[in-house]
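quick one: sequence plus predicted model below, questions after.
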Amino acid sequence: MENKEELQKIVAGCVKGKAKYQKKLFEMFYGKMMGVCMRYARDQDQAQDIVQTGFIKIFKKIEVYNFEGSLEGWIRRIMVNTAIDHIRKNKRDPFAIEDEARIEDVEGDDFFAYEREEETKLKAEVAMKAISRLSPAYRTVFNLYVIEGFTHKEIAEYLGISEGTSKSNLAKAKQKLREELSLKFEH
């Protein structure tokens, strides 16, 4: 990562709308933000669309960034918000529960367990593909809880759903992932 003075120079250039600095910022964070967006998107094309839209928002709002937190964290938050906005825009009620049945609390689950180091990369790739096939509601709650570290209360407030809906969507996402991943890794 660039030093603070270099980052300040890049941000100042972006505030002035200078393409050279916008390109530099884009290149610095594209890979990481593509990874963030892939967790919310159904495929790479959709993730690229989200990243592009996110960077447009970043360049429009860059003057409000004040260097109090990390630039990467600020950019990540915009990307996550953009991904969720994309999901909302493309589905009328993406966070509705398909089945209102009570789901037990699954917060204490250990989700991934890797037996051997050489299998880790393959399993991660298979898991990411499985996550990408989840419904938008399940995928979003799973990512916010498991990857981003939000609580169910925070997810509920963030998405405008109940904590129970958040817990239900997470439980169902984990159940679907377990089913799919167990089929892939049965010997």
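Structure's in. What do you need? Numbering: from 1, shown residues only.

and the helix ranked longest in the chain, what's its mean pLDDT?
Looking across the chain with DSSP state H, the single longest helix is helix 163-185. What helix 163-185 shows for mean pLDDT is 86.

show me what it is packed up against.
helix 117-132, helix 136-142, helix 152-159 (3 or more Cβ pairs under 8 Å, 6 or more residues apart in numbering; DSSP states H and E). C-beta here means a position set from N, CA and C on the backbone, and glycine is covered the same way.

quick check: angle from the last one to helix 163-185?
Direction vectors for helix 152-159 and helix 163-185, defined by axes from the mean of the first three to the mean of the last three Cα atoms, to 10 degrees, enclose an angle of 100 degrees.

buried stuff in helix 152-159?
152, 155-156, 158-159 (16 or more other Cβ atoms under 10 Å).

walk me through the domains of the chain.
Following automatic domain parsing, one finds the domains of the chain at 4-90, 117-185.

how far does the longest one sit from its chain's centre?
Centroid separation between domain 4-90 and its chain, computed with Cα atoms, centre = their mean, to the nearest Å, is 13 Å.

shaky segments in the protein?
The model of the chain has pLDDT under 70 over residues 1-2, 91-124, 184-187.

run the chain-centre distance for the longest helix of the chain.
17 Å.

buried residues, it. List them.
Going by 16+ other Cβ under 10 Å, helix 163-185 has these buried residues: 165-174, 176-177, 180-181.

likewise stretch 17-37?
Going by 16+ other Cβ under 10 Å, stretch 17-37 has these buried residues: 21-22, 24-26, 28-29, 33-34, 36-37.

narrow those to those in helices?
Those of those lying in helices (DSSP H): 21-22, 24-26, 28-29, 33-34, 36-37.

columns distance to residue 67 on top of those residues, output as TSV?
Output for these, formatted as TSV (distance: Cβ to Cβ, whole Å):
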residue	distance to residue 67
21	15
22	18
24	17
25	14
26	19
28	15
29	16
33	19
34	24
36	21
37	24
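
out of the residues you listed, who's nearest residue 136?
Nearest to residue 136, judged by Cβ to Cβ, of those is residue 37 at 13.1 Å.

how far away is that closest one from residue 63?
According to Cβ to Cβ, to the nearest Å, residue 37 and residue 63 sit 24 Å apart.

just residue 72 next, same as before
Taking Cβ to Cβ, one finds residue 72 at 18 Å from residue 63.

can you check residue 32 too?
Taken as Cβ to Cβ, the span from residue 32 to residue 63 is 22 Å.

now swap in residue 154 and tell me
27 Å.

residue 90 now?
30 Å.
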